[in-house]
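Chemist: With the input below, show me the fold.
(2 chains)
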There are 2 protein chains.
Amino acid sequence: MQLFYTPDIEPAHPQYFLSEEESKHAVRVLRLEAGSEVQLIDGRGGFYTAVIHDAHPKRTILNITSVVNGFNQRNHYLHLAVAPTKNIERLEWFLEKATEIGIDEISLIISHRSERKEVKTDRLNKIITAAIKQSIKAYHPVLNEPVKLGQLLQQPFNGQKFIAHCEPRDKLNLRDELALQGRYLVLIGPEGDFTPAEIESALQSGFKPITLGESRLRTETAALEACFEINFLNRL
Amino acid sequence: MQLFYTPDIEPAHPQYFLSEEESKHAVRVLRLEAGSEVQLIDGRGGFYTAVIHDAHPKRTILNITSVVNGFNQRNHYLHLAVAPTKNIERLEWFLEKATEIGIDEISLIISHRSERKEVKTDRLNKIITAAIKQSIKAYHPVLNEPVKLGQLLQQPFNGQKFIAHCEPRDKLNLRDELALQGRYLVLIGPEGDFTPAEIESALQSGFKPITLGESRLRTETAALEACFEINFLNRL
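Modeler: Next up, the predicted model:
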């Protein structure tokens, strides 16, 4: 399968022109010719099949032959808010894996103990795009610009809200709390965890405290565990 | 917590001498002094608390004050057999994450479509050791030397055997098949999957075919997904 990410495609239009970069890739690297079948994803759930009409190395013309909307749409909405890791590779790895497993929206939160306060989202978005192509997903997860925890707590969210932290307090299990096929916002703290004041503030904003098991997990592992648990429970 | 991995410790002995490297780390880097409390893990389930008797930079002497055996022992045994990835970093990530989440034994399998046939396990073992220290686990997962798939299929295994593959055949869900608190051997194929002949051979050797969900997952993500699922189901 030759898959292209084409976020600017118009579903109603019978033709599409690949960008100069994609045209070059299609014709010079993949050696595609007129008549070759390709697939397109628009990042909003549209999965297109097309045939190359003109294999032009700068402006390849495709004839759209079929469109599937809501391709492999998941039955829930997961927004994960995670503190960026000091080592950016750990965050990159998380984004790739979460995209493969299933996620809709990611916020990068700056909290009191965050060691990293600045993140370039361009590169991170490229990693997400590569992961949706690799795992054939028609929805592109949304990556928000970094936001302070206090701001995020104030944002309205229509769904269940959870906070995973390591303080020795009573915590709930997702399997007992999760309303299936719902909308979820999950907070994951930085290396060194949220402060007690931050946890208190989240609880007062309606976040329920959850545990992700007995193991001490790194930030990016905890985020992935939450992503895995929510996808798995919604498959049951 | 200052945690040392000391696989050669003798549980019955009241004292332990840190190696030259660990002594230097304890005294020169961590600046520990006589009277400081440290923790030791032996990789076989022993978790020791000790007090520094002599903070010698080459031969630090510890007095063992307490021992817990079977520290945080998991309620099941997971042996995962995975084809090493072409990009070795992907395998390294998997080993770190699987160790954090919970795994007992890893085999590296060489199959027909494996792009990587040789692996240096020394470096991989160091990654596992760092991960058990970071996540405070007293059991060190066992990493076996690479083995051909055919040989692995012939090895006796006292427990349930599963193979995760991508061929369009009937597959089972782990949640329906898993006997909880049991022993499991799970095969994960290479980039490009097992060949139909390899799958047939595994089925004839008593491996049950399983699915890890609808997403197309990379090798290391599939291996981690299996690890997640088995740990999660055994927590339910």
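Chemist: Could you list the low-pLDDT ranges of chain A?
Modeler: Counting by pLDDT under 70, chain A shows no low-confidence range.
Chemist: Kindly list the longest helix within it.
Modeler: helix A:219-235 (DSSP state H).
Chemist: got the angle for that one vs helix B:219-235?
Modeler: Helix A:219-235 runs at 70 degrees relative to helix B:219-235, counting by axes from the mean of the first three to the mean of the last three Cα atoms, to 10 degrees.
Chemist: List the residues that contact the nearest residue to A:Thr211 once chain neighbours are set aside.
Modeler: Counting by Cβ to Cβ, 6 or more residues apart in numbering or on different chains, A:Thr211 lies nearest to A:Lys171, which is 4.1 Å off, once chain neighbours are set aside. In this view, the C-beta of every residue, glycine as well, is placed from N, C-alpha and C. With contact set as Cβ atoms under 8 Å, 6 or more residues apart in numbering or on different chains, A:Lys171 has these partners: A:209-211.
Chemist: Repeat that for A:Leu178.
Modeler: A:160, A:184, A:230, A:233-234.
Chemist: end to end, how far does stretch A:53-67 reach?
Modeler: End-to-end span of stretch A:53-67 (Cα to Cα, to the nearest Å): 17 Å.
Chemist: For it, what is the distance to the chain centroid?
Modeler: 29 Å (Cα atoms, centre = their mean, to the nearest Å).
Chemist: Please apply the same query to stretch A:82-95.
Modeler: Using Cα atoms, centre = their mean, the offset of stretch A:82-95 from its chain centre is 13 Å.
Chemist: tell me the phi and psi of the spatially closest residue to A:Leu233 that is not a sequence neighbour?
Modeler: Closest residue to A:Leu233 apart from its sequence neighbours, by Cβ to Cβ, 6+ apart: A:Leu178 at 5.4 Å. When read as degrees, to the nearest 10, the backbone of A:Leu178 gives phi -70, psi 120.
Chemist: residue boundaries of the helices in chain A?
Modeler: Per DSSP H, chain A carries helices over the ranges A:20-24, A:88-101, A:121-134, A:149-154, A:174-177, A:196-204, A:219-235.
Chemist: List the buried residues of the third one.
Modeler: Spelled out, it's helix A:121-134. A:124, A:127-129, A:131-134 (16 or more other Cβ atoms under 10 Å in any protein chain shown).
Chemist: Could you single out the nearest of the residues you listed to chain B?
Modeler: Nearest to chain B out of the buried residues of helix A:121-134 is A:Gln134 (Cβ to the nearest Cβ; 6.9 Å).
Chemist: Could you check how far that closest one is from B:Ala98?
Modeler: 21 Å (Cβ to Cβ, to the nearest Å).
Chemist: Put the buried members of the contacts of A:Leu178 into a PyMOL selection.
Modeler: To isolate the buried ones among the contacts of A:Leu178 in PyMOL, judged by 16+ other Cβ under 10 Å, type:
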select buried, chain A and resi 160+184+230+234
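Chemist: of all the residues in chain A, which ones are close to chain B?
Modeler: Selection of chain A residues close to chain B by Cβ under 8 Å from any Cβ of the partner chain yields A:72, A:93, A:97, A:100-102, A:134-137, A:175, A:213-218, A:221, A:224-225, A:228-229, A:231-232, A:235-236.
Chemist: Among these, name the buried ones.
Modeler: A:93, A:97, A:100-102, A:134-135, A:137, A:215, A:217-218, A:221, A:224-225, A:228-229, A:231-232, A:235.
Chemist: before we move on, the earlier item: the residue nearest to A:Thr211 and chain B: what is the separation?
Modeler: Distance, A:Lys171 to chain B, using Cβ to the nearest Cβ, to the nearest Å: 13 Å.
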